[in-house]
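Undergrad: Quick one: sequence and predicted model below, then my questions.
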Amino acid sequence: MAECRGLGHSVQRKEDARFIRGQGRYIDDVKLPGMLYLDIARSPYAHAKITKIHEDTAMAVDGVAAVITGKTLEGFKLAWMPTLMSDQQMVLPVDTVKYQAQEVAAIVATSRYAAADGAAALEVDYDPLPVVVDPHEALKPGATKVRDDKESNHIFHWEHGDADGTDAALAGCDTVVEQHMHLPRIHVASIETCGCVASWNPVEGHLTLYLTTQAPHAIRTVVALVTAHLGLAEHKIRVISPDIGGGFGGKVPVYPGYVLATAASVVTGKPVKWIEDRSENLQADSFARDYHITAKLGSKDGKVTALKLDTVADHGYSDAAANPSKFPAGLYHIATGSYDLENAHVSVDGVYTNKPPGGIAYRCSFRVTEAVHAIERMVDLLARENGEDPADFRLRNFIKPEQFPYQSALGWEYDSGNYGAALEKAMDMIGYRELRAEQAEKRARGELMGVGISSFTEIVGAGPSKTFDILGIKMFDSAEIRIHPTGKAIARFGTKSQGQGHETTYAQIIAEELGIPPEDIQVEEGDTDTAPYGLGTYASRSTPTAGAAASIASRKIRDKARKIAAHLLEADEADLVWEQGKFHVKGSPDRAKTIQDIAFAAYTNHPQGMEAGLEAISYYDPPNLTFPFGSYICCVDIDRGTGQVRIRRFVAVDDCGVRINPMIVDGQIHGGLTMGIAPALLEEISYDADGNITGGNFMEYLVPTAMETPHWELGETVTPSPHHPIGAKGVGESATVGAPPAVVNAVVDALWHLGVRHMEIPMTPARVWDVLNEHGAAATR
Amino acid sequence: MIPPSFDYHAPDNLEEASRLLLANPEAKLLAGGHSLIPMMRFRLAEPAALVDLRKIPGLSGIREEGGSLCIGAMTRESELEKSDLVQSRYPLLADTTRVIADPVVRNLATVGGNVAHADPGNDHPATMLAYGASFVASGPSGQRTIAASDFFTGPFSTCLEDGEILTEIRVPEAGPGSGGAYQKFERKVGDYAVAAVAVQVQLDGGRIAGAGVALTNVGLTAIQAGAAEAALVGSDGGDAALDAAAQAAAAAADPTDDHRGSADYKRAVVRVLTHRAASSALARAREAS
């Protein structure tokens, strides 16, 4: 029989046939008869009282059908909506805007152009109010209060670990390093912006919502909860998430535009489309990062012993972070990373400012990027302070392979790891010792080169139901597999691919388990009317949860297939042997039935007393998270004249457990590394003192292109997850998480002899040149 | 990102284009559109009408004639990249065209548009100043030739009169001992320059007989750095002369603080790039001797 090409095969991506031909079906491709278009008028001020909205100025534009304001929505109790973190945010303001580019009114029109003209024509009177943009200022007594419905700008204090024990351990260290660092606001900048088409059927009382969402089922439930008082129930809501052009966490939240389009469709009885433009996407959609971290790391006799992180988290005007509900700072407490240390304490204080809300997990499992940045920078500093090479220091202080499963000081049970092997492989690949020798020579000649390491540990696959839920819904995920009579199959999942290649990867898992070739398996996601309930795709959770469900459901099918095979072969079940794709009678390999034979029999000749059909469903509740890891080494050269950092080489050794499709894994790492160097060197969304956004378009928000992207050199080690059915761990985010500190460590390494100990990101040429200039190292030619 | 409505005209001769411009004071010429269309999408420009030049014959092409390299105003940037003549004999121009935006933009963007839009961040204005180029314009009162040094009057403004259209760019023909280079420093591909420097030199018996030095995006217009040119002319092109020219160019720059860096930083970059561009221009000129 033909090779079934299950695990470990670089099967061509099934979805690429339509993507590379331009035949994907994205949200803006959804066109319904009679459809209206919605555009949004936005605030020019970061904080202002709205004194009047002159709706007539927009209504005067030819083609404008309706203007929706906060007062309109207030009548339906829809002006505010809940966030995932038990806060609330405005759909439209009733009286005050809280950040620049906030939604002020929605314009509904018969064409996209008329809607845009209406939004531009709308006149709004504002009384500007004082603005607070710096979270540290926001915490001071007497600071401008961002939220009228709150006591202060302090949203929450969260801490984890043993504070006293950590302080005592730090006091007992012979070497302690302390560093402040800021991970600035960045944006996922997915190529497809967000949007929806809301289609209300007044006769059926039914809402179909085509939506760019990574979590269609969760959205359906949230919509049902938010609109229950209006009589819309969950069985009357269908969410369809079509092809998605990149999500990266930015398509998890509910944005006001979705609610507005829905309200507009209900009011007009017509389908309403809202597609945001690039500027709106960058200026108003949920941001990521924006953590101000003060870190302390100590060692005694060269052994890392204690970590302390104190953090101010800028959430904008509402805590609209996308975290599991019990984790206001996500999984930030993975911060002890790859190191065996006994004492740790982390704290986070969330703060309101006059900026857009958010705090999403940008290609990262809930604040892991912030945690990895902190520990990997600090380990580098501590190594130097100990007078040791950062590679050697890491190798000595890693958690050892025999310590797994490992209980971290902050309460996680790491499933498996072999950190030293990954770092040593990366060092071999890049020629680490040779680079150090080259660096010494270059330094003597006045040239600047640096080598930086990041040996990260990720935590993905949220998550076990005892601790992980979103608004109470447990974070399992699901697979439903039906084998057709001819041996072909359809498989549906609660997750939603945004480019990850689920249609191929899931098919390969089923192929491995059942021996049905991937091309014979149709994979579907994203339609809540057909897919089983699941929490969606983000935080590298699809393979750890829904991928596991695919295995378990396949095995249920195999169990039934064994009974049918026994019937067909007139043999005892116990005497049947499974080899990929067929059962044979023990000792008689010729007496066999293939899975295709069995599928046909399941509908044509099933045993009496057994139900017909061959299908199964699994809702997989993971027993633990998975802990992918890796070691990255980055080599940079710095132009002393311009301050430009050039990445000469970048070696990435990843261990994501068992690899399902190595080509897709490589692709994930390539993309993740590119998104990882971006905040290190280029990307930042910043605000001036008046709260005006700078970096709100692609001329200022510098997304790397192929020209800025170095050649990636990939390596792998394989340490299976002991608790996942096929030993896989998840890989979508490792590179985004692991890359930034490797670049920072490399640049600081290049400048170390000048006295430089830290660089904030992004390390723009201007910022690097300022440092060179301060240290008398800038060149004039 | 959606422009307001506008009228669209695509005349097939210059006279008609000129007439349309005069008849519609709020009209804009459309060449490659890669500056104008983005401004319209942001509603920073809201022209009542566009007069598209694409149907007018004779506005594009590259040829040497009468002691000049003549470039039609509608010549696409990518045509400069593909031109053997430009690539082999006009290295300053070849350098410049390779760093304007990105290949997709260069396939449509025009040389004339890059010049006449007069964005201080555009690259060709400095190039043309360094070359000592001249521009041919056609309008209601006939045709005239304008020196590049007279052309740029302010940010996004030129000395073109109402109804006047840039039709051709004339660069002095390359001869033995001439060479040039464009050094642009940008944050990423497609960005406007943090700073850029164009240098064109003419060697005569080992000494620099003529020099053009001009700067991009460090002032309200492209800046011709006369003192830097003076520091080079008459010298042997040694390090001392290059350092003096680089310092003079930095002094001539008039940058402001912005996202690309502080004014001090930009001046420092001008100094570095002037040195590098001059070194490269001299090496090429020696090769062409």
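TA: Noted; the coordinates are in hand.
Undergrad: Isn't residue A:260 up against residue A:273?
TA: No - Residue A:260 lies out of contact with residue A:273 (CB atoms under 8 Å); the separation is 11.3 Å. (Each C-beta comes from the backbone N, C-alpha and C, glycine too.)
Undergrad: So these two - more neighbours on which side?
TA: residue A:260 (28 against 24; other CB atoms under 10 Å in any protein chain shown).
Undergrad: contacting residues for the residue nearest to residue A:613 when sequence neighbours are not counted?
TA: Nearest residue to residue A:613 in three dimensions, chain neighbours excluded: residue A:602, at 5.9 Å (CB to CB, 6 or more residues apart in numbering or on different chains). By CB atoms under 8 Å, 6 or more residues apart in numbering or on different chains, the residues touching residue A:602 are A:483, A:485, A:560-561, A:564, A:612-614.
Undergrad: returning to what we had before: name the residues contacting each of residue A:260 and residue A:273.
TA: Counting by CB under 8 Å, 6+ apart, the residues touching both residue A:260 and residue A:273 are residue A:38.
Undergrad: how about stretch B:79-87, does it reach chain A?
TA: No - judged by CB under 8 Å from any CB of the partner chain, stretch B:79-87 and chain A are separated, with a smallest distance of 15.6 Å.
Undergrad: Which residue, other than its chain neighbours, is closest to the one residue in the stretch 251-400 of chain A that gets nearest to chain B?
TA: Among the residues of the stretch 251-400 of chain A, residue A:277 lies closest to chain B, at 3.8 Å counting by CB to the nearest CB. When the adjacent residues along the chain are set aside, residue A:277 lies closest to residue B:1, with 3.8 Å between them (CB to CB, 6+ apart).
Undergrad: pretty sure that neighbour is in a strand, no?
TA: No - looking at residue B:1 with DSSP: H, G, I helix; E, B strand; the rest coil, it is coil, so not inside a strand.
Undergrad: Look at it and report its pLDDT.
TA: Note on residue B:1: pLDDT of 84.
Undergrad: separation between it and residue A:247?
TA: Residue B:1 sits 21 Å away from residue A:247, going by CB to CB, to the nearest Å.
Undergrad: Please say which of the two ends up with more neighbours.
TA: Ranked by neighbour count (other CB under 10 Å), residue B:1 and residue A:247 place residue A:247 first, with 26 against 15.
Undergrad: what about that one, distance to residue A:553?
TA: 25 Å.
Undergrad: Low-confidence ranges, the stretch 401-550 of chain A, go.
TA: The model of the stretch 401-550 of chain A has no residue with pLDDT under 70.
Undergrad: Let me see the ranges of the strands in it.
TA: Taking DSSP state E, counting those that start in this stretch, the strands of the stretch 401-550 of chain A run over residues A:406-407, A:413-414, A:448-457, A:469-470, A:473-474, A:477-483, A:489-493, A:521-525.
Undergrad: Just checking: what are the partner strands of the first one?
TA: Read that as strand A:406-407. Sheet partners assigned to strand A:406-407 using DSSP bridges are listed as strand A:413-414 (antiparallel).
Undergrad: Equivalent analysis for the third one, please.
TA: When pairing is defined by DSSP bridges, strand A:448-457 lines up against strand A:629-638 (antiparallel).
Undergrad: Would you mind checking the average pLDDT for the strand it pairs with?
TA: Regarding strand A:629-638, the rounded mean pLDDT is 98.
Undergrad: For the following helix or strand past it, name the packing helices and strands.
TA: Next along the chain after strand A:629-638, taking DSSP states H and E as the criterion, comes strand A:645-655. Helices and strands touching strand A:645-655, as assessed by 3 or more CB pairs under 8 Å, 6 or more residues apart in numbering or on different chains; DSSP states H and E, comprise helix A:419-430, strand A:629-638, helix A:662-681, strand A:712-716, helix A:734-751.
Undergrad: The residue of the stretch 101-250 of chain B found nearest chain A sits in which helix or strand?
TA: Among the residues of the stretch 101-250 of chain B, residue B:189 lies closest to chain A, at 4.0 Å counting by CB to the nearest CB. Here residue B:189 is covered by no helix or strand, with elements defined by DSSP H and E.
Undergrad: Residue B:102 is in contact with that one, correct?
TA: Yes - counting by CB under 8 Å, residue B:102 is a contact partner of residue B:189 at 5.7 Å.
Undergrad: what residues are shared contacts of these two?
TA: Contact criterion CB under 8 Å, 6+ apart; residues shared by residue B:189 and residue B:102: residue A:705.
Undergrad: Which residues of the stretch 151-300 of chain A lie near chain B?
TA: For the stretch 151-300 of chain A, the contact set with chain B under CB under 8 Å from any CB comprises A:277-279.
Undergrad: which of those residues lies closest to residue A:404?
TA: Closest approach to residue A:404 among those (CB to CB): residue A:278, at 45.0 Å.
Undergrad: That closest one: how many residues sit nearby?
TA: Neighbour tally, residue A:278, other CB under 10 Å: 16.
Undergrad: What about it? Give its phi and psi, please.
TA: Residue A:278 has phi and psi values of phi -60, psi -40 when expressed as degrees, to the nearest 10.
Undergrad: Surely it is in contact with residue B:1?
TA: Yes - at 6.3 Å, residue A:278 counts as touching residue B:1 under the criterion of CB under 8 Å.
Undergrad: picking up where we left off before, in contact with the residue of the stretch 251-400 of chain A closest to chain B: list those residues for me.
TA: Counting by CB under 8 Å, 6+ apart, residue A:277 touches A:193, B:1-2.
Undergrad: Put together CSV for these, with distance to residue B:82 on each row.
TA: Putting these into CSV (distance: CB to CB, whole Å) gives the following:
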residue, distance to residue B:82
A:193, 35
B:1, 32
B:2, 34
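Undergrad: between the residues you listed, which is nearest residue A:69?
TA: Of all the contacts of residue A:277, residue A:69 sits closest to residue B:2, with 21.5 Å by CB to CB.
Undergrad: which residue sits closest to the closest one in space, ignoring its chain neighbours?
TA: Counting by CB to CB, 6+ apart, the residue nearest residue B:2 is residue A:116, at 3.8 Å.
Undergrad: The helix or strand containing residue A:552 - contacts with which helices or strands?
TA: Assigned by DSSP H and E, residue A:552 belongs to helix A:548-569. Packing contacts for helix A:548-569, counted by 3+ CB pairs under 8 Å, 6+ apart, involve strand A:477-483, strand A:489-493, helix A:502-514, strand A:576-579, strand A:582-585, strand A:588-594, helix A:595-604, strand A:615-620.
Undergrad: Which strand runs longest in chain A?
TA: strand A:287-300 (DSSP state E).
Undergrad: the inter-axis angle of that strand versus helix A:662-681?
TA: Here strand A:287-300 runs at an angle of 80 degrees relative to helix A:662-681 (axes from the mean of the first three to the mean of the last three CA atoms, to 10 degrees).
Undergrad: what about stretch A:374-385, average pLDDT?
TA: Stretch A:374-385 comes out at a mean pLDDT of 98.
Undergrad: try stretch A:320-335
TA: Computed over stretch A:320-335, the mean pLDDT rounds to 94.
Undergrad: How about stretch A:114-134?
TA: For stretch A:114-134, the mean confidence score works out to 98.
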